[in-house]
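Participant: This is a predicted model, with the sequence first.
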Amino acid sequence: MSSAPSATTSPPIAVPYRAAQTRVIAAALELSSQQGVSGTSLQMIADALGVTKAAVYHQFNSKDEIILAVADVEIARLAAAVDAAEAEECGPQAREVLLARVIDLAVERRHVVSTLQTDPVMIRFMARYEPFQRLMDRLFSVLIGKDADAEARVPAAMLSAAIGGAAAHPLVTNLDDETLRFHLLNLARRLFQLPG
């Protein structure tokens, strides 16, 4: 089994998953958030679901396919936020919608966001996965424009890393979602000089 799936031969993001596949994806994501992607085996996924390893293989041909499915599901969530922002007519309003939706995702999914941003296998995969790269281009185009200079790109990069990192940081584990969301959004608005 390879350490990361091939990013060039992947199916499109819009692939709908059956209910049984969705359960495998959810179990894999939960286990990966605890054990890391490389530390999560097909047997562990099967055990978490209370099924045989053969039943997991019936849904996905390999662990690589499961990693791809996890990535696709998470990318689809982020794509919905970018779609909503791109639907706005005004740049500041688009940025506000994007920041609010991305922060909502980070807070709602803070138990897994750390895995998505820090797991070495997931990082290598996402760095080569073309649908994710296209989505990031769209996201940063809304956030800072297509031809942004270093003065705009550095804060955008910092914010993008900080949102997920802050949502999963041990200093905020005792904060309820609404409090964390409020503070993250206020800081993001200040960084991008949006009205609060």
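Facilitator: Alright, I've got the coordinates.
Participant: quick one: the helices in this structure?
Facilitator: Taking DSSP state H, the helices of the chain run over residues 19-35, 42-49, 53-59, 63-86, 91-108, 110-118, 120-128, 130-144, 150-168, 177-191.
Participant: which of the ones you listed has the lowest average pLDDT?
Facilitator: Lowest mean pLDDT of these: helix 110-118, a mean of 79.
Participant: how about residue 29, what does it touch?
Facilitator: 70, 73-74, 112, 115 (CB atoms under 8 Å, 6 or more residues apart in numbering). No exception for glycine: its C-beta is placed from N, CA and C like everyone else's.
Participant: Try it again at 7 Å.
Facilitator: Listed by CB atoms under 7 Å, 6 or more residues apart in numbering, the contact set of residue 29 reads 70, 112.
Participant: One more: residue 97?
Facilitator: Residues in contact with residue 97 (CB under 7 Å, 6+ apart) are 84-85, 88.
Participant: how about a cut-off of 8 Å?
Facilitator: Here residue 97 is in contact with 81, 84-85, 88 (CB under 8 Å, 6+ apart).
Participant: Can you select the buried ones among those residues for me in PyMOL?
Facilitator: Only the buried entries of these go into this PyMOL selection, using 16 or more other CB atoms under 10 Å:
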select buried, resi 81+85
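Participant: now, among the contacts of residue 97, which is nearest to residue 127?
Facilitator: If you rank these by distance to residue 127 using CB to CB, residue 81 comes first, at 20.5 Å.
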